[in-house]
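# Sharing a model that was predicted from the sequence below.
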Amino acid sequence: MTTNPQTKQQISYPSEDELVVATIIKVQNYGAFANLDEYPGCEGMIHISEIASKWIRNINDYVKDGQRVVLRVLRVDRERGHIDLSLKSVKAAQRKETLEHFKREQRAKKLIELAAERLKEKEKISEIANSLSEKFDSLFVVLQKSLTEDENAFEGAKIPENWKKELVKIAKENLEIPRVTIKANLELLSKASNGIEVIKGALTKALKTHKGKDTELTLKYLGAPRYRLEITAPNYKIAEQTLDKFSKEVMAEVTKAQGSAKLVR
């Protein structure tokens, strides 16, 4: 399918095998045509054989005008401006993840537009967005990162200081620090005469040590010898590191007191 009327040099094309968000603009008996929402000026075709794996009686049962879909790029002919797309080769999980990413990026762009409006510099919207995109994989993620790192989150991006400050301010007004939660059980036993006190002391000490500004720890007694630990942190890496350190410290203390300790996931 031929791209929209822009010069080929002006158009940015997707890569083959890339997953793209698109809007169906025309449905024919032999296939459908779609605008690629993330690539202005790019239009592609989904042949009916790439709509679904099974036999299609009515193509409108699968795609409709105005429908937003996730497609896989099969072939790109930059000389002719042709892009072949596939709907059937996109799995449900891929569709969900791609749409969520698209929505987050759209939200980030809206926040950049809000910053431009407040700074009265609307003419710089594209420049700022492009500068951030050149440095970071996701506009949304870098704005979210600024919630905890302030202007340092934009380090390396070629944007003015007043923009950095305004973006941080807007991010804190509109976004939340991401949180993840992991759970694990600790099985703790001690044959020492003061075994119960040793276990309680080890758990209390570890809770105080590892509970921080961005990390929450909750401990629940499930009945001897089991304890349920729940850790909430900004990301899985921090949560897993906290669990590892917490469990090792507690198990070391219990083992020293004629005890046994085990982490159960």
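Sure, I can see it.

# and this protein, what are its domains?
For the chain, the structural domains run 8-90, 94-174, 180-264, going by automatic domain parsing.

# any chance you could map the strands in the stretch 51-200 of the chain?
Counting by DSSP state E, counting those that start in this stretch, the stretch 51-200 of the chain has strands at residues 68-77, 82-86, 180-190.

# pretty sure residue 85 is in contact with residue 74, am I right?
Yes: between residue 85 and residue 74 there is a contact at 6.3 Å, judged by Cβ atoms under 8 Å. (Glycine included, C-beta is placed from N, CA and C.)

# Pick out whichever of those two has more residues nearby.
Per other Cβ atoms under 10 Å, whichever of residue 85 and residue 74 has more neighbours is residue 85, with 29 against 17.

# Could you measure from the closest residue to residue 15 other than its chain neighbours over to residue 82?
Closest residue in space to residue 15, ignoring its immediate chain neighbours: residue 73 at 6.7 Å, by Cβ to Cβ, 6 or more residues apart in numbering. From residue 73 across to residue 82, the span is 11 Å (Cβ to Cβ, to the nearest Å).

# Likewise for residue 118?
For residue 118, the distance to residue 82 - Cβ to Cβ - is 42 Å.

# Just the helices from the stretch 151-265 of the chain, written as ranges.
With helices called from DSSP state H, counting those that start in this stretch, the stretch 151-265 of the chain shows them at 161-174, 195-210, 236-256.

# among these, which is nearest residue 226?
Shortest separation from residue 226 across these is recorded for helix 195-210, at 11.4 Å, computed as Cβ to Cβ.

# pLDDT of the closest one, averaged?
What helix 195-210 shows for mean pLDDT is 93.

# Same check on stretch 47-55?
96.

# Then stretch 22-30?
Stretch 22-30 carries an average pLDDT of 97.

# what distance separates it from the centre of its chain?
Centroid displacement of stretch 22-30 relative to its chain, using Cα atoms, centre = their mean, to the nearest Å, is 29 Å.

# What are the buried residues along that stretch?
By neighbour count with 16 or more other Cβ atoms under 10 Å, stretch 22-30 contains the buried residues 22, 24, 27.

# Out of the residues you listed, the closest to residue 224 would be?
Lowest distance from residue 224 to the buried residues of stretch 22-30 (Cβ to Cβ) belongs to residue 22, with 57.9 Å.

# what's the angle from the helix or strand containing the closest one to strand 82-86?
In the assignment (DSSP states H and E), residue 22 maps to strand 19-28. Counting by axes from the mean of the first three to the mean of the last three Cα atoms, to 10 degrees, strand 19-28 lies at 100 degrees to strand 82-86.

# neighbouring strands for strand 19-28, and are they parallel or not?
Here strand 19-28 is paired, per DSSP bridges, with strand 31-36 (antiparallel), strand 68-77 (antiparallel).

# Any idea how many residues pack against the closest residue to residue 128 other than its chain neighbours?
Setting aside the residues directly before and after it, residue 128 is nearest to residue 159 in space (Cβ to Cβ, 6+ apart), at 5.4 Å. Other residues near residue 159 come to 19 when the count uses other Cβ under 10 Å.

# what's near enough to touch the nearest residue to residue 75 once chain neighbours are set aside?
Spatial nearest neighbour of residue 75, excluding adjacent residues (Cβ to Cβ, 6+ apart): residue 84 at 4.3 Å. Residues near residue 84 by Cβ atoms under 8 Å, 6 or more residues apart in numbering: 1, 44-45, 47, 50, 73-76.

# Could you tell me which of those count as buried?
Buried among the contacts of residue 84 (16+ other Cβ under 10 Å): 1, 44-45, 50, 73-74, 76.

# Closest one of these to residue 230?
Nearest to residue 230 out of the buried ones among the contacts of residue 84 is residue 73 (Cβ to Cβ; 42.0 Å).

# No more questions from me, cheers.
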